[in-house]
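Peer 1: can't give you the sequence, but here's the structure:
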Ligand SMILES: [Mg+2]
């Protein structure tokens with residue numbers, strides 16, 4: 001199994017016990033078996049050089065979570081960065097694992113999709129350590145926004161040789177989000193996207209889920225307050241985004257940035273499938289020029305009130321319901337990004 005293979009690449013430092021989970025359950029790291037000590041003189045020299053260590057948490061349930069991360073460990077090691085690898089079966093374990101290893105590490109790496117990254121935001125923020133991303137999910141929208149390559153080895157190069165950028169975090173009803181929160185059509189899509197569909201169809205799961213969800217979506221009356229200015233209209237779908245990409249490569253606005261200290265919002269008014277089909281290129285690329293049946297907003301505080309509570313899809317997971325009170329935390333999360341394409 002790849003985690004066992006990764007043990008061969010683990011650290012040789014003395015002062016830090018380096019462990020690699022055997023991969024059955026998160027946090028159940030057989031420490032006694034995994035402690036690695038090396039008294040070789042040449043390794044002594046290496047131990048002096050190695051001053052950095054990554055806690056790499058891999059979500060095995062993510063679409064590509066079963067890939068071997070040996071190349072990642074090797075690339076980090078070549079740059080003098082040691083690795084502690086743990087498998088993540090339950091998102092609730094992220095905080096405990098960070099606390100367990102915090103004194104030994106200088107960065108936290110999440111291997112998973114946007115849902116896993118969302119679950120990691122709060123504990124990573126609390127740790128004060130920078131976040132590294134191995135995009136192993138289906139959508140990988142945050143990686144897309146940050147310009148992090150999807151290939152495992154290229155992503156590892158960012159962890160080893162990138163720079164740290166400070167990014168914004170969106171907040172809705174006290175829940176953090178990195179990419180976007182949506183109401184309406186997207187919730188229907190999220191319902192359709194059970195893990196079986198994603199594992200089976202990969203990227204095709206999204207259009208399949210979209211077509212199914214569109215048939216069942218009903219218009220709803222919404223009141224949007226954007227930085228204190230009120231708007232009322234009927235909607236079938238509404239997205240508030242912190243970054244640029246969401247929903248597997250859709251673009252909220254082509255000039256949106258994840259460090260622009262702004263939330264971008266759009267709302268689709270009721271329309272036929274063919275009208276929506278015509279608008280699709282704008283929705284995919286975020287280029288809304290004289291948009292028909294689409295309302296656009298941007299601001300720092302956005303309140304969304306519906307007559308009846310409506311579910312909210314947050315970074316692709318259903319969490320909470322309307323009324324939804326959005327705000328933004330400015331450039332608060334340090335993230336490894338490519339050195340050559342840093343956020344603005
Ligand atoms: Mg933004």
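Peer 2: Cool, the structure landed. The model shown is predicted, which means the values in this text are computed figures rather than measured ones.
Peer 1: shouldn't residue 206 be within a strand?
Peer 2: No. Under DSSP: H, G, I helix; E, B strand; the rest coil, residue 206 sits outside any strand and is assigned helix.
Peer 1: my guess is it meets residue 246, correct?
Peer 2: No. Look at residue 206 against residue 246 with Cβ atoms under 8 Å: they stay out of range, at 11.4 Å. C-beta here means a position set from N, CA and C on the backbone, and glycine is covered the same way.
Peer 1: please say which of these two ends up with more neighbours.
Peer 2: Between residue 206 and residue 246, counted using other Cβ atoms under 10 Å, residue 246 has the larger neighbour count: 29 against 21.
Peer 1: please name the nearest non-neighbouring residue to that one.
Peer 2: Of all residues not flanking residue 246 in the chain, residue 180 sits nearest, at 3.6 Å (Cβ to Cβ, 6 or more residues apart in numbering).
Peer 1: likewise for residue 295?
Peer 2: Per Cβ to Cβ, 6+ apart, closest to residue 295 is residue 267, 4.4 Å.
Peer 1: before we move on, back to that, what's the residue nearest to residue 246 in contact with, if anything?
Peer 2: Residue 180 makes contact with 141, 170, 239-243, 246-247, 252, 315 under the criterion Cβ atoms under 8 Å, 6 or more residues apart in numbering.
Peer 1: the longest strand in the chain is where?
Peer 2: If you go by DSSP state E, the chain has its longest strand at strand 324-337.
Peer 1: flag every buried residue along it.
Peer 2: 324, 326-328, 331, 333-337 (16 or more other Cβ atoms under 10 Å).
Peer 1: would you format those as CSV with distance to the ion and pLDDT included?
Peer 2: CSV is the format used below for those (distance: Cβ to the ion, whole Å; pLDDT from 0 to 100):
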residue, distance to the ion, pLDDT
324, 17, 98
326, 11, 98
327, 12, 98
328, 7, 98
331, 10, 97
333, 13, 98
334, 17, 97
335, 14, 97
336, 19, 97
337, 15, 96
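Peer 1: and stretch 144-164, what's its mean pLDDT?
Peer 2: Mean pLDDT, stretch 144-164: 93.
Peer 1: need the distance between the two termini of that stretch.
Peer 2: 16 Å (Cα to Cα, to the nearest Å).
Peer 1: where's it relative to the chain centroid, distance-wise?
Peer 2: How far stretch 144-164 lies from its chain's middle: 13 Å, per Cα atoms, centre = their mean, to the nearest Å.
Peer 1: give the buried residues for that stretch.
Peer 2: Neighbour count says stretch 144-164 has 144-149, 152, 155-160, 162 buried, by 16+ other Cβ under 10 Å.
Peer 1: and for stretch 127-146?
Peer 2: Within stretch 127-146, the residues that qualify as buried by neighbour count (16+ other Cβ under 10 Å) are 127, 129-146.
Peer 1: and residue 122, how far from residue 57?
Peer 2: 14 Å (Cβ to Cβ, to the nearest Å).
Peer 1: between those two, which one's more packed in?
Peer 2: Regarding residue 122 and residue 57, a neighbour count based on other Cβ under 10 Å identifies residue 57 as having more, with 27 against 14.
Peer 1: from what I can see, that one looks like it's in a strand, true?
Peer 2: Yes. The assignment for residue 57 (three-state DSSP) places it in a strand.
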